[in-house]
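>>> Next come a sequence and a model predicted from it.
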Amino acid sequence: MSETKNVKTAEKTAVKKAEEKKAPVAKVNKSAKSEAVPLMLDRLLWLLSVVIIVAAIGGNFYYTQHYIIDESTLSRLVRTVIVIATIIVGLAVVLFTNKGRALLTFGRESYIELRKVVWPTRQEAMQTTFIVFVAVCLVSLFLYLCDLVVLQVVRAITL
């Protein structure tokens with residue numbers, strides 16, 4: 001009888017631990033869904049972003065085609081900075097869309113995973129680099145010798 005109780009207790013403990021592990025995932029999914037941008041606002045943000053980027057590129061094209069300026073002056077630098085800043089603003093607007101938020105979440109999660117990577121020591125990196133260098137040299141020597149043999153065979157056949 002006591003064995004049956006121990007098995008049931010162990011099963012209950014295992015189920016409880018599994019539920020505890022699943023709870024944070026459910027909270028994350030619920031909070032991600034609650035932060036979602038409404039569809040109309042999402043489309044409006046995409047449209048705004050496209051308009052800003054097209055305006056930056058179109059404005060730069062129009063300015064260079066219809067205004068005669070000395071391109072060696074400071075105005076060229078200012079125009080370039082304005083175009084780059086406007087494109088950055090257009091791309092920043094994208095980050096407020098649902099896809100942009102997903103991209104930011106992906107970036108954060110990638111950074112977390114990157115911190116878990118165990119990087120090789122300097123000695124390990126140098127040894128691995130040396131091994132790769134030697135292997136490349138051996139393979140290239142082998143291919144060179146094969147090329148010489150094939151060249152001699154072709155010369156013997158064709159002459």
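Yes, it's here.

>>> Where does the record place the domain boundaries for the protein?
For the chain, automatic domain parsing gives the domain ranges 1-35, 37-117, 121-159.

>>> so which of those is the most packed in?
With neighbours taken as mean count of other Cβ atoms under 10 Å, the domains of the chain reach their highest mean count in domain 37-117, at a mean of 13. The C-beta positions use only the backbone N, C-alpha and C, and glycine is treated the same way.

>>> first to last residue in that one, what's the distance?
Taking Cα to Cα, to the nearest Å, the first and last residues of domain 37-117 lie 33 Å apart.

>>> Helices of the chain, start to end?
Applying DSSP state H to the chain gives helices spanning 2-34, 39-66, 74-94, 98-115, 122-158.

>>> Would you convert the ones you listed into TSV that also reports mean pLDDT?
Output for the helices of the chain, formatted as TSV (pLDDT from 0 to 100):
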stretch	mean pLDDT
helix 2-34	53
helix 39-66	91
helix 74-94	90
helix 98-115	94
helix 122-158	97
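
>>> Tell me the spacing between the residue nearest the centre of the chain and N60.
Closest residue to the average C-alpha location of the chain: G107 at 7.3 Å, with Cα atoms, centre = their mean. G107 sits 29 Å away from N60, going by Cβ to Cβ, to the nearest Å.

>>> ditto for L104
28 Å.

>>> Now do T73, the pLDDT please.
pLDDT for T73: 73.

>>> Angles on the backbone of it, please.
phi -90, psi -180 (degrees, to the nearest 10).

>>> can you check A36 too?
Dihedral pair for A36: phi -60, psi 140, per degrees, to the nearest 10.

>>> Check the burial of it by counting its neighbours.
Using other Cβ atoms under 10 Å, A36 is surrounded by 12 other residues.

>>> now the residue nearest to it when sequence neighbours are not counted: how far from G107?
Leaving aside its sequence neighbours, A36 sits nearest to N98 (Cβ to Cβ, 6 or more residues apart in numbering; 5.7 Å). To G107, N98 is 15 Å away according to Cβ to Cβ.

>>> same check, this time on V51
Counting by Cβ to Cβ, the gap from V51 to G107 is 25 Å.

>>> ok, now I57?
Where G107 is concerned, I57 sits at a distance of 26 Å (Cβ to Cβ).

>>> now do L48
For L48 relative to G107 (Cβ to Cβ), the value is 22 Å.

>>> just L41 next, same as before
To G107, L41 is 22 Å away according to Cβ to Cβ.
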